[in-house]
Structures are given as C-alpha cells and as structure tokens.
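Trainee: no FASTA, just this:
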C-alpha cells in the first residue's frame, strides 16, 4: 500500500523565518513520483514540484527548496524567508506505478502554514 | 494555460436530492479525477477516468457515481445526497504518463441540509 504522512498539522511562523514542511512516504514501487501542491485560501490546488524516484538531486526555486532522500523516504519542503503570501495548506503526494492506465495520486493530509506579519 | 473549471463554487442541497457536479478541462487530457477534501483527512479519491466512458473506483466511491461521455467533461453524481456528503469537491485532470502533473479546478463546496 502507498501512504504519505505529513506529521505537522499546523505550523505558525513570523515573516522572514525559514520553515520546513515534512513529508514521509511509503511505497513498494521502484518507480514513483513525488509532488508538492499549495492550496491558498482561494481553494485551488497549485502544483509546485514533481520529482521522480531516480532523481535525488535537491531542487531550489527562488525561496522554495526541496530535499529528497530515498534512504529515509522523505521529501521535505523548505521555504526560506517566509512571507505572508506563503500562508496556505501544503500537500505532499505520491504516485506509484500506473495501474489500469490511470495515474492515481495518494495525498498526505496537508500542513497548514500560517505566516504572521 | 490548462484550465479546469467546475460548474459551481458553492452549492446547497437537501437530503435525498440528486446532485450533479460538473467538471470541464480544456487541455485534451485523458485522465480526470474527483476528490473530496475534509478537514483533517486531506484529499481522498472518489472516482477517476482514464478515457471516455471508462471509470474506476477510487478510495471512497460509496454513495457516488460518475459519467464521462466526452473527453473534456467528467461529472460526479450524488444519487441521493446525505448530510455526510457535505464537503469540498475537487476535480483534476492530467495528460499522458510522461506528463503526469494533475491540474485542479477551484472546487465546489457542497452543503447538504
């Protein structure tokens, strides 16, 4: 079975602080994809990043960075110098081997980040 | 830009009513999905479809059905709405395996009284 655990339900920080959102996954597939999505108060999920299981390189995009470690089955997300606009619910998701022609995602329960001014 | 639209942002229905939630995508995607989102439970997959007229049950299909008569449109049907189906419903679509990011619609917040 596939599973994604986001142990942090809610995090509150003050603007300009760095914050890391944790994501731990379980899968028996050797080929899989990991995702992060952002859900701002407006409600629409916004894609942030996709990483495949063969690429363990860390990625940086502006203030966002992702640390993928297969040894610990983790795919953590760090926001540097957080801003109020980063306030949202963040979801980590896992997609394993395609079954029946479909591309199912398994989502974690999300981490609500509040950045206070 | 990929666009996934949902017919309503907010919907209020009564117990026992038949409810249709519509989702349309404009990127010729093969795969479409319906999720519900509840506090503390994250997103849970209800049904998905990887082709016209094809459908597969997700993790929580009970009380729901779907219809995909055209590639761009995927409908979620509550045959007899119940109060425990009050939730946020999210539709998503994705293309081929090599491009498997899911694009989400804005969501429909359904309240069943």
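Mentor: Yep, it's here. These figures come from a predicted structure and were not determined experimentally. Numbers count the residues shown, from 1 in each chain, chains lettered A, B, ... in the order given.
Trainee: all contacts plus neighbour counts: C-alpha atoms, from now on.
Mentor: Fine.
Trainee: shaky segments in chain B?
Mentor: Low-confidence segments of chain B, defined by pLDDT under 70, are located at B:1-2, B:96-99.
Trainee: How are the strands of it distributed by residue range?
Mentor: With DSSP state E as the criterion, chain B has strands at B:4-6, B:10-13, B:19-25, B:31-38, B:42-49, B:56-57, B:65-70, B:73-78, B:87-94, B:103-104, B:108-112.
Trainee: Quick one: closest of these to residue A:53.
Mentor: Proximity to residue A:53, assessed across the strands of chain B by Cα to Cα, is greatest for strand B:87-94 (19.4 Å).
Trainee: just the angle between that closest one and strand B:108-112, please?
Mentor: With axes from the mean of the first three to the mean of the last three Cα atoms, to 10 degrees as the basis, strand B:87-94 and strand B:108-112 are set at 150 degrees to each other.
Trainee: and strand B:87-94, which strands flank it?
Mentor: strand B:31-38 (antiparallel), strand B:103-104 (antiparallel), strand B:108-112 (antiparallel) (DSSP bridges).
Trainee: From the chain's centroid, how far away is the shortest one?
Mentor: By that I understand strand B:103-104. 11 Å (Cα atoms, centre = their mean, to the nearest Å).
Trainee: Can you give me the distance of whatever residue of chain A ends up closest to chain B to residue B:93?
Mentor: The minimum distance from chain A to chain B, using Cα to the nearest Cα, falls at residue A:109 (3.9 Å). With distances taken as Cα to Cα, to the nearest Å, residue A:109 is found 20 Å from residue B:93.
Trainee: next one: residue B:103
Mentor: Distance from residue B:103 to residue B:93, by Cα to Cα: 5 Å.
Trainee: before we move on, which element is residue A:66 in?
Mentor: With elements taken from DSSP states H and E, the one containing residue A:66 is strand A:64-69.
Trainee: what's the residue closest to the geometric middle of chain B?
Mentor: residue B:34 (2.8 Å; Cα atoms, centre = their mean).
Trainee: Spit out the contact partners of it.
Mentor: Contact partners of residue B:34, counting by Cα atoms under 8 Å, 6 or more residues apart in numbering or on different chains, are B:45, B:46, B:47, B:48, B:76, B:89, B:90, B:91, B:92.
Trainee: Tell me how many other residues crowd the residue of chain B found nearest chain A.
Mentor: Nearest to chain A in chain B, going by Cα to the nearest Cα, is residue B:42, at a distance of 3.9 Å. Neighbour count for residue B:42, taken as other Cα atoms under 10 Å in any protein chain shown: 17.
Trainee: repeat for residue A:46
Mentor: Other residues within reach of residue A:46 by the criterion other Cα under 10 Å amount to 18.
Trainee: Would you confirm that it contacts residue B:105?
Mentor: No - applying Cα atoms under 8 Å, one finds residue A:46 not in contact with residue B:105, separated by 9.6 Å.
Trainee: Grab the nearest non-local neighbour of residue B:56.
Mentor: Closest residue in space to residue B:56, ignoring its immediate chain neighbours: residue B:48 at 5.4 Å, by Cα to Cα, 6 or more residues apart in numbering or on different chains.
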